[in-house]
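*Asks:* With the input below, show me the fold.
(chains A and B)
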2 protein chains.
Amino acid sequence: MSQYWSSLLADLSPYVPGEQRVGGRVVKLNTNENPYPPSKRVMQAISDVDGTQLRRYPEPASKELRNALAQYHKLDATQVFVGNGSDEVLALAFMAFFINEQPLVFPALTYSFYPVYCKLYKIPYIELPMSDDFSIDWSGLPSKLGGIVFPNPNAPTGLACTIDGIEQLLGNNPSKIVLVDEAYIDFGAQSATSLVARYPNLLVTQTFSKGRSLAGMRIGAAFGHSDLIAGLDRVKNSFNSYPLDVVAEQAALASLEDEQYHREHVSKIIASRDWLTEQLEARDFKVLPSAANFVFAAPSHIGAKQLHEYLNKRDILVRYWDKPLLQDWLRISIGSPDELQLLINAIDQTQSSNKDGAR
Amino acid sequence: MSQYWSSLLADLSPYVPGEQRVGGRVVKLNTNENPYPPSKRVMQAISDVDGTQLRRYPEPASKELRNALAQYHKLDATQVFVGNGSDEVLALAFMAFFINEQPLVFPALTYSFYPVYCKLYKIPYIELPMSDDFSIDWSGLPSKLGGIVFPNPNAPTGLACTIDGIEQLLGNNPSKIVLVDEAYIDFGAQSATSLVARYPNLLVTQTFSKGRSLAGMRIGAAFGHSDLIAGLDRVKNSFNSYPLDVVAEQAALASLEDEQYHREHVSKIIASRDWLTEQLEARDFKVLPSAANFVFAAPSHIGAKQLHEYLNKRDILVRYWDKPLLQDWLRISIGSPDELQLLINAIDQTQSSNKDGAR
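*Replies:* Modelled structure (predicted):
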């Protein structure tokens, strides 16, 4: 605390991302990174950037990437926004649309950046209770609300909403913006981008960080009615004219062009997720049915906190939150087959050392 | 305007950057870009980034770059902040320190993004009148103020404040933050980073866009007391955990390592600025003494607006603002010697065609 800090600054509760421990032997299953590198075409596009492109400012709207994304999702370019990772896109969307006296609504279990944005912008919010099966219970939606935001699939549960459920939500709240955060959409859930043309109150965000292996490159996007995109542009152009650098834009374009690579590697991750789910269930874990590149799993033979610490000491990083609703669970990112085998081996060691215990 | 726009959104006046017209024959002297590409070591560092770095999130604080900048400026790493271009760093600094009931003060002629940030955050502001010689007249500083921000050298005038003047301002306003925006510091003015250790109310911002030829890469920094940097980190971590991508960080590190290249090319730009100033003065332009990589110049034989249009039609882009105080002037970026010769040739054509006019 400093005399130069405002009360706003002092009251913030910044987001804490998963640890970025580096080193060759770390099995990093804590930040939902893709175990596979991006396509070679992406690496080539990065090497091909020349000095003239770097000495010049980027085209401020990243039109080339907006056009490519519009074509990919069968939308118009005026329905596409891009930014410096989907976290920035969400931060700008909250600023553009949710600063409001009425509360923003999101699930009690969700991406933990949402309440952080709300504190930053002084947005009141209501957390919707979860059903017993960890799905989102929309029946408790208040009649007066400033907007709705949720990830699909949800984090950290991995559970997906149906497209019909989303459409119902949009139709029931026509005067409020519904923001569907599709960070994990590539791994099985159905994208709401198909509803953009019909619902002017829908905003969808996506990222190149997960399915496209470009977390290090910071590329996010939003899709919605052109009025919403124009609103996002107004805020972006009042904050930072050029959020996307020229290398990131070229990397994103190359990634979109190599659809075969993308599909193949997403399929591998889904296959690994199925394998990990089986292995964990065989060891008496509860595992929620995931549509994401992680599983949400509760061990029965050992406490989740204890298992988290055990794994952490062996340089196997998974995510744990010591909070009500979450404290019995671990979120485990889908790593490579080798990494997942190392995880299972380590879990088996805790089981053999726990033989006389709960099992 | 849309039913989903808040009144805040509707009232914004977004920043309008200089046109990014592309194409081989454009003489682009409108956005203060560096005419020289970045060092080969920068290009190599970009090519050397591998797929594992890209599939993973960046280290969120960009510690490696903060450490390198600390060493470069003889500061502690806790006195260094980095972000996605100095525009983002400024946007975060305004959010962290200037949201206040008392007005922020900046010169009437200055970087036109400052009032844009103020509108975004509803910060009241006072514009300090300019002296007749276009220097900043600090004598008019109000007794009640929320903070002070100005570029050194100033934009679009190119005029520099002395380090003594800045120190006086810091000493006279110990309870208020003085933000010195040093986007153009490489081209002759004295940096206030040397005052960071002594003034806890000083924040300095810099960019890799101008002197280091990396406008396309989006890298900015701030220097100040560790309490101010901690405040910036709180806001950054409430907005976007990873504003700097891994390629940008590696490019910035390589740029800092090639100091000789940096100095040589800054010297070339200063020599070109001197040449352009002489050429313009020989043609009866008023030219302010610039410490930046642009000159602020007023033609006498033709209106500034008319000259701007004439040049624009010939694909020679310079910056013109049709506003009081600015309407007789052009801001001309220091391009390559060839580009500046093309500009002078074009100006000579207007002089010969204007022979019977004002001259």
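*Asks:* How confident was the prediction at the spatially most central residue of chain A?
*Replies:* Nearest residue to the geometric centre of chain A (Cα atoms, centre = their mean): A:Ala183, 3.6 Å. The model reports A:Ala183 with a pLDDT of 98.
*Asks:* Is it in a helix, a strand, or coil?
*Replies:* Using DSSP: H, G, I helix; E, B strand; the rest coil, the structure places A:Ala183 in coil.
*Asks:* ok, it - contacts?
*Replies:* By Cβ atoms under 8 Å, 6 or more residues apart in numbering or on different chains, the residues touching A:Ala183 are A:Ser86, A:Tyr111, A:Pro151, A:Ala155, A:Thr205, A:Gln206, A:Thr207, A:Ser209, A:Lys210. Just so you know, the C-beta spots here come from the backbone N, C-alpha and C atoms, and that holds for glycine as well.
*Asks:* so which of those residues also contact chain B?
*Replies:* Among those, the residues that sit close to chain B (Cβ under 8 Å from any Cβ of the partner chain) are A:Ser209.
*Asks:* quick one: the helices in chain A?
*Replies:* A:7-11, A:40-48, A:51-55, A:63-72, A:85-97, A:113-121, A:163-172, A:226-236, A:246-257, A:259-282, A:304-313, A:337-353 (DSSP state H).
*Asks:* Go through those helices and name the closest to A:Gly220.
*Replies:* helix A:85-97 (3.3 Å; Cβ to Cβ).
*Asks:* Who are the packing partners of that closest one?
*Replies:* In this structure, helix A:85-97 packs against strand A:80-83, helix A:113-121, strand A:178-181, strand A:202-207, strand A:220-224, helix A:226-236, with contacts taken as 3 or more Cβ pairs under 8 Å, 6 or more residues apart in numbering or on different chains; DSSP states H and E.
*Asks:* Report how many residues lie close to the closest residue to chain B within the stretch 251-359 of chain A.
*Replies:* Here the residue of the stretch 251-359 of chain A nearest chain B is A:Ala251; by Cβ to the nearest Cβ that distance is 7.6 Å. Using other Cβ atoms under 10 Å in any protein chain shown, A:Ala251 has 32 neighbouring residues.
*Asks:* thought it was touching A:Lys40?
*Replies:* No: with contact defined as Cβ atoms under 8 Å, A:Ala251 and A:Lys40 do not form a contacting pair (12.0 Å).
*Asks:* before we move on, the earlier item: deepest of the helices of chain A, which one?
*Replies:* Most buried of the helices of chain A by mean neighbour count (mean count of other Cβ atoms under 10 Å in any protein chain shown) is helix A:85-97; its value is a mean of 27.
*Asks:* now the angle from it to helix B:85-97?
*Replies:* Using axes from the mean of the first three to the mean of the last three Cα atoms, to 10 degrees, the inter-axis angle of helix A:85-97 relative to helix B:85-97 is 50 degrees.
*Asks:* Against chain B, how distant is A:Arg234?
*Replies:* Relative to chain B, A:Arg234 is positioned 5 Å away (Cβ to the nearest Cβ, to the nearest Å).
*Asks:* how about the residue nearest to that residue when sequence neighbours are not counted, what does it touch?
*Replies:* Leaving aside its sequence neighbours, A:Arg234 sits nearest to B:Leu12 (Cβ to Cβ, 6 or more residues apart in numbering or on different chains; 4.9 Å). Shown in contact with B:Leu12 (Cβ under 8 Å, 6+ apart): A:Arg234, A:Val235, A:Ser238, B:Val116, B:Lys119, B:Leu120.
*Asks:* can you do 6 Å?
*Replies:* Applying Cβ atoms under 6 Å, 6 or more residues apart in numbering or on different chains to B:Leu12 gives the contacts A:Arg234, A:Ser238, B:Lys119.
*Asks:* A:Asp186: how many residues sit nearby?
*Replies:* 23.
*Asks:* A:Arg21 now?
*Replies:* Using other Cβ under 10 Å, A:Arg21 has 12 neighbouring residues.
*Asks:* Spell out which residues sit in contact with A:Ile99, please.
*Replies:* So A:Ile99 contacts A:Tyr121, A:Ile123, B:Ser6 (Cβ under 6 Å, 6+ apart).
*Asks:* ok, how many other residues are close to the second one?
*Replies:* In terms of burial, A:Ile123 registers 21 neighbours under the definition other Cβ under 10 Å.
*Asks:* List the residues that contact A:Val287.
*Replies:* A:Thr277, A:Leu280, A:Glu281, A:Val295, A:Ala297.
*Asks:* how far away is it from A:Val295?
*Replies:* 5 Å (Cβ to Cβ, to the nearest Å).
*Asks:* shared neighbours, the two?
*Replies:* Shared contacts of A:Val287 and A:Val295, counting by Cβ under 6 Å, 6+ apart, come down to A:Thr277.
*Asks:* that older thread, wait, which of the helices and strands packed on helix A:85-97 is closest to A:Val27?
*Replies:* strand A:202-207 (23.1 Å).
*Asks:* how about that closest one: buried residues?
*Replies:* Across strand A:202-207, burial judged by 16 or more other Cβ atoms under 10 Å in any protein chain shown covers A:Leu202, A:Leu203, A:Val204, A:Thr205, A:Gln206, A:Thr207.
*Asks:* Out of those residues, which is nearest to chain B?
*Replies:* A:Leu203 (9.0 Å).
*Asks:* Touching, the closest one and A:Leu179? I think so.
*Replies:* Yes: look at A:Leu203 against A:Leu179 with Cβ atoms under 6 Å: they come within range, at 4.7 Å.
*Asks:* does any bit of stretch A:69-79 sit next to chain B?
*Replies:* No: judged by Cβ under 6 Å from any Cβ of the partner chain, stretch A:69-79 makes no contact with chain B; its nearest approach is 12.7 Å.
*Asks:* End to end on that stretch, go ahead and measure it.
*Replies:* Across stretch A:69-79, the terminal residues are separated by 10 Å (Cα to Cα, to the nearest Å).
*Asks:* who touches it?
*Replies:* A:Arg66, A:Asn67, A:Val80, A:Thr193, A:Val196, A:Ala221, A:Phe223, A:Ser226, A:Ile229, A:Leu256.
*Asks:* So which of these is the closest to chain B?
*Replies:* Using Cβ to the nearest Cβ, these come closest to chain B at A:Ser226, 9.0 Å.
*Asks:* per-residue confidence for that closest one?
*Replies:* Looking at A:Ser226, the pLDDT reads 97.
*Asks:* now swap in A:Lys355 and tell me
*Replies:* pLDDT, A:Lys355: 53.
*Asks:* Could you do A:Ser272 as well?
*Replies:* 98.
*Asks:* contacting residues for A:Lys176?
*Replies:* A:Gly147.
*Asks:* So for it, what pLDDT did the model give?
*Replies:* At A:Lys176, pLDDT is 96.
*Asks:* Tell me the residues of the stretch 1-150 of chain A that contact chain B?
*Replies:* Residues of the stretch 1-150 of chain A lying near chain B (Cβ under 6 Å from any Cβ): A:2, A:4-6, A:9, A:12, A:14-15, A:17, A:20, A:31, A:33-34, A:37-38, A:47, A:51, A:53-60, A:84, A:87-88, A:91, A:96, A:99, A:116, A:120.
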